[in-house]
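**Student:** Output the structure for:
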Amino acid sequence: MTTFIFDVLKDLKNSTQNFSELTFIVPSKRAGLFLKHQLPQVLNQTIFSPEIVSIEEFVEQLSQLKTITNTELLFEFYNSYSELTKAPKRDSFETFTKWAQILLQDFNEIDRYLIPQEKIFNYLSAIQDLNHWSLEVNKTDFVKNYLSFWNKLHSYYQHFSESLLAKGLAYQGLVYREAVENLETYIQNSQEKQHIFLGFNALNTSESTIIQELLQNEMAKIYWDIDAEFLNNKNHDAGLFTRQHKNNWKHFKTHPFNWVTHHYSEEKNISIFGIPKNIGQAKHIGSLLKNLQKSNPSLQNTAVVLGDENLLLPVLNSIPTNIDALNITMGFPLKSIPLATLFESLFLLHKYSPTTFYYKDVVKIISHQFIKPLFFIDNTDYSSAITETIDHNNLVYLSKEKLTEIAPLAQNTINLLFSNWGTSAENALKNCSNLILAIKAILDKNKKANLLPLEYLYRFNVLFNEISRLNSLHPYINNISTLHGIYKELLSSETLDFQGEPLQGLQIMGMLESRVLDFETVIISSVNEGILPSGKTQNSFIPFDVKIENQLPTYKEKDAVYTYHFYRLLQRAKNVYILYNTEADVLTGGEKSRFITQLELEGKHQISHKIMAPKVPVIPSELERIEKTPHLQDQLIALAGKGFSPSSLTNYMRNPIDFYYQSILKIREHNDVEETVAANTLGTVVHNTLEDFYKPLVGTFLTIEIIKQLKTNIEERVSFHFKNEYKQGDISTGKNLIIFEIAKRYVSNFLNLEIKALKAGNEIKILAIEADNEIEINIPELDFPIKLKGKVDRVDECSGTIRIIDYKTGKVEQNQVEIVEWEDITTDYKKYSKSFQVLCYAYMMRASQNLKFPIEAGIISFKNLSSGFLKFAQKESSSSRKKDSLITQETLLDFETELKKLIVEICNPKIDFVEKEV
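**Tutor:** Numbers count the residues shown, from 1 in each chain. Sure thing, here's the model as predicted:
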């Protein structure tokens, strides 16, 4: 396959051109690299290399100006804006940057297309006046300021461009305008130079003027790369610009138009794949490359063109590992490396909370891979120590002083991360630089293993130095919010370059990097609307109709640019693989691109179109099973000897696997920081408060006076236990204040229930509070000791009947403490777990205390206090209304039978722990 560049060089050789005296002007630096590589293949002699420059470099040479970055332009523009706008009406630098970016793009476009500036800016201000307020007699200050802004656009432009030119600086558009101004002088001083323009398509007015002038003076040749299929078809957007140039340029009235090729109509293998999601596309690219390696192991002359450059990382992780030569033309975005997340977290933290810090933000920062080593001092991990202290003490918000108190030896690192950020931008920048140096000192201890992280640090150090330089020249960054905006602006344009083989093996590139280059095999990804082409994006102050009036490019022209790039990639290729995302997404592209539909409708080539689906293996859903090994059996025997609690047994009823994890392996859920008081914390507070009230009353008959006295202590005891359980959590505001009040209300309502019972004539004697019970159970089937243990919330005697009471802060209904068939009590957790628990307590109390039967056992539900004491009851049938709520010796014997069955099952070495289906 011969490339366009090769054909151009061959034609120049045939025309006996002296290559050393030529200046080649190409659309991109990458195209220049390929051109330099192909020169020796055409020439068979040693020569001085011709000058090869990109169009941007050539225009900059003509203008004799230096192009500066977009960020630096913002500072320079704000200088002009400040001089022309009085202080009360002047926006802050942070607000200014939000609209100035768009205005700079418009300045850029106006200059590149050589539009008379005053005319278009006056036109824009007249439109605004006419559209909105031209008929208003008494305009408000807001309206006056708005119209004043539009009236000043030309003044802003003029002052800004003049101040830049005075310093020898410019933005791209101004460079182009000045290049055109200097063109005549350049032509007079460079008569002996010969310029070769190749591979251009869409040209702005400045470029078009420069090239035409050089052609007119016989100082240039231009080679177009256009296929007859696109040029001769008036409706084909791929040839839109080239047709305009051919028809409108005077040069082509008397000179041949080079070149119109016929490569597109040659036979091609075109395969189109619809694949769900971006990751699916990346994986399929890997599969395609693996298949291509069978016939082309080095993947020479193969390119992967990413329509969406965010696909770079997934593609790199999907390509075959045995690829020897690889070149990636696009850089790795600096914003995607781990260090970027660290500084983003720090900026956000200090931007919104300069003195007290939310615990999740703190943990995120001190746990960061670059920060954690800074907290490892004298063989102690202070990062983990801080995290554990936060969890243990329920610290939702922390100050720098509190962090220093927790980890005094890490004070220097804490100061760098949490001190002096919000005071001024200079301090924040100083902290960033010092933090980079601190991290570098750690990484330098093992340089060989940390080459890439050290490169990251270097690039961020350069970035912060650039911000410091700009702020020293133009001191407009006066707070951390503005600094954060400038940081993001600079970061978005910075990339980390890959090292690779620029001319060998597989080439991975973006669409714009493919200009002028030809490949035999091309894989194009993300060919979706909104990506290829990019669609209707109007980021400009200039309305659509004004753009058309002044022949400025609109989204239609931008679509035509991508149409040309897309079809040019196909022009000389033999194998083409086009991938698109079948899952339309407003954020990452829409339906399949019109380019695909157009290819199919043209009917020029045989096209294979497949919808791919990932291979999803059918994994049978298996219930988790833990085999009872001899070691596990020993652990069960040890647990049985210590004692099963009613809650551990109900845990087994719910799911044997949960019992295994919690009771055997002792795995507990991690206690996260409670921002809002958790239900179990509320329950503990209420239980402990009632224990404080009733413990001194054991053996005493309750009276209304005693209960009324207890009510006066509710506030103090509930507050005490909240401090005990919720540690340093805040209960003075928000939901937590409501929960605190609910806790007091629960206790108050319970005491009111007691008063009501006493007024009804009941005599209540407290027999035990939080009574610990531990009994041994004799089970003939098991030859090792079995114990049952538990703590009963309250045992009292009410009008002669002993009651065993369990408190529940959740809602419990009467039907949850009722049973029909004894066999069901250990099988259905949802229905019978409450009944099982209260009967366990009754069973233990019978063995450990001298109870007078019959007794009652049940639950007091604080969310259902109106129902009073919910007694355990046995029913003859589910529909029967007849209930027996008295627990006799026979009742407990029936329960004992089921209890022993359950314990035997748990301890049976032949019955594994098997997960219950939900």
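
**Student:** Do you have the strands of the stretch 451-600 of the chain handy? List them.
**Tutor:** 495-496, 506-510, 521-525, 575-581 (DSSP state E, counting those that start in this stretch).

**Student:** okay but residue 573 is in contact with residue 519, surely?
**Tutor:** Yes: the pair residue 573 and residue 519 qualifies as a contact (CB atoms under 8 Å) at a distance of 6.1 Å. (C-beta placed from N, C-alpha, C; glycine too.)

**Student:** can you give me the helices in the stretch 251-400 of the chain?
**Tutor:** Assigned by DSSP state H, counting those that start in this stretch, the stretch 251-400 of the chain shows helices spanning 251-254, 278-292, 312-316, 338-352, 359-366, 382-393, 400-406.

**Student:** closest to residue 827 out of those helices?
**Tutor:** helix 382-393 (37.4 Å; CB to CB).

**Student:** Show me what the closest one is packed against.
**Tutor:** When contacts are defined as 3 or more CB pairs under 8 Å, 6 or more residues apart in numbering; DSSP states H and E, helix 382-393 packs onto helix 359-366, helix 400-406.

**Student:** Can you get me a residue count around residue 854?
**Tutor:** 15 (other CB atoms under 10 Å).

**Student:** and it, what does it touch?
**Tutor:** Applying CB atoms under 8 Å, 6 or more residues apart in numbering to residue 854 gives the contacts 801, 886-888.

**Student:** most surrounded residue in those residues?
**Tutor:** Each of those was scored for neighbours by other CB under 10 Å, and residue 887 scores highest at 27 neighbours.

**Student:** and that one, what does it touch?
**Tutor:** Taking CB under 8 Å, 6+ apart, we find residue 887 in contact with 839, 842, 853-857, 872.

**Student:** same thing with residue 233?
**Tutor:** Counting by CB under 8 Å, 6+ apart, residue 233 makes contact with residue 239.

**Student:** I'd like the next helix or strand past the helix or strand bottoming out on mean pLDDT in the chain.
**Tutor:** Within the chain, no helix or strand scores below helix 141-151, which has a mean of 72 by mean pLDDT, DSSP states H and E. Sequence-wise, the next helix or strand downstream of helix 141-151 (DSSP states H and E) is helix 153-166.

**Student:** okay, that next one in CSV with CA atoms only?
**Tutor:** Output of helix 153-166 as CSV, limited to C-alpha atoms (Å, rounded to 0.1, in the frame of the first residue of the first chain):
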residue,chain,number,x,y,z
LEU,A,153,-16.9,44.0,23.7
HIS,A,154,-15.0,45.9,21.0
SER,A,155,-13.1,47.9,23.6
TYR,A,156,-12.2,44.8,25.5
TYR,A,157,-11.0,43.2,22.2
GLN,A,158,-9.0,46.2,21.2
HIS,A,159,-7.3,46.8,24.5
PHE,A,160,-6.6,43.1,25.0
SER,A,161,-5.1,42.5,21.5
GLU,A,162,-3.0,45.7,21.7
SER,A,163,-1.6,44.9,25.1
LEU,A,164,-0.6,41.4,23.9
LEU,A,165,1.0,42.7,20.8
ALA,A,166,3.0,45.2,22.8
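
**Student:** So which elements touch that helix?
**Tutor:** helix 70-84, helix 93-112, helix 117-128, helix 172-189.

**Student:** same thing but at 10 Å, please
**Tutor:** helix 70-84, helix 93-112, helix 117-128, strand 169-170, helix 172-189 (3 or more CB pairs under 10 Å, 6 or more residues apart in numbering; DSSP states H and E).

**Student:** buried residues in that helix?
**Tutor:** Of all the residues in helix 153-166, those buried under the rule 16 or more other CB atoms under 10 Å are 153-154, 156-157, 159-161, 164.

**Student:** In JSON lines, list the residues you listed along with pLDDT and distance to residue 671.
**Tutor:** Rendered in JSON lines, the data for the buried residues of helix 153-166 read as follows (pLDDT from 0 to 100; distance: CB to CB, whole Å):
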{"residue": "153", "pLDDT": "88", "distance to residue 671": "60"}
{"residue": "154", "pLDDT": "90", "distance to residue 671": "65"}
{"residue": "156", "pLDDT": "92", "distance to residue 671": "59"}
{"residue": "157", "pLDDT": "93", "distance to residue 671": "62"}
{"residue": "159", "pLDDT": "95", "distance to residue 671": "62"}
{"residue": "160", "pLDDT": "95", "distance to residue 671": "59"}
{"residue": "161", "pLDDT": "95", "distance to residue 671": "63"}
{"residue": "164", "pLDDT": "96", "distance to residue 671": "60"}
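
**Student:** Pick the one among the residues you listed closest to residue 439.
**Tutor:** The closest of the buried residues of helix 153-166, once distances to residue 439 are taken by CB to CB, is residue 164, at 37.5 Å.

**Student:** and the closest residue to the closest one other than its chain neighbours, bridged to which residues?
**Tutor:** Residue nearest to residue 164 in three dimensions, not counting chain neighbours: residue 170, with 5.4 Å by CB to CB, 6 or more residues apart in numbering. As for beta bridges, residue 170 partners with residue 67 under DSSP bridges.

**Student:** Surely residue 170 and residue 72 touch.
**Tutor:** No: using CB atoms under 10 Å as the test, residue 170 is too far from residue 72 to be in contact (11.1 Å).

**Student:** Please say which of these two ends up with more neighbours.
**Tutor:** More neighbours surround residue 170 than the other of residue 170 and residue 72, with 24 against 18 (other CB under 10 Å).

**Student:** Tell me how far that one lies from residue 69.
**Tutor:** 12 Å (CB to CB, to the nearest Å).

**Student:** Spit out the contact partners of residue 272.
**Tutor:** If you count contacts by CB atoms under 10 Å, 6 or more residues apart in numbering, residue 272 has them with 524, 527, 576-580, 592, 596, 599-600, 607-611.

**Student:** Beta-bridge partners for it, please?
**Tutor:** Counting by DSSP bridges, the residues bridging with residue 272 are residue 578, residue 609.

**Student:** which stretches of the protein have low pLDDT?
**Tutor:** Counting by pLDDT under 70, the ranges of the chain that qualify are 129-144, 586-589, 918.

**Student:** longest helix in it, by residue count?
**Tutor:** helix 734-759 (DSSP state H).

**Student:** Could you list the buried residues of that helix?
**Tutor:** 736, 739-740, 742-744, 746-747, 750-751, 753-755, 757-758.

**Student:** distance between it and the chain's centre?
**Tutor:** Remark: helix 734-759 is offset 45 Å from the chain centroid, using CA atoms, centre = their mean, to the nearest Å.

**Student:** Next secondary structure element downstream of it?
**Tutor:** strand 764-777.

**Student:** just checking, what packs against that following strand?
**Tutor:** By 3+ CB pairs under 10 Å, 6+ apart, strand 764-777 packs against helix 630-642, helix 679-694, helix 734-759, strand 786-798, strand 801-808, helix 829-848, helix 889-907.

**Student:** mind running it again at 8 Å?
**Tutor:** Looks like strand 764-777 contacts helix 679-694, helix 734-759, strand 786-798, helix 829-848, helix 889-907 (3+ CB pairs under 8 Å, 6+ apart).

**Student:** any idea how far the third one is from the chain center?
**Tutor:** When C-alpha coordinates are averaged (CA atoms, centre = their mean), strand 786-798 and its chain have centres 52 Å apart.
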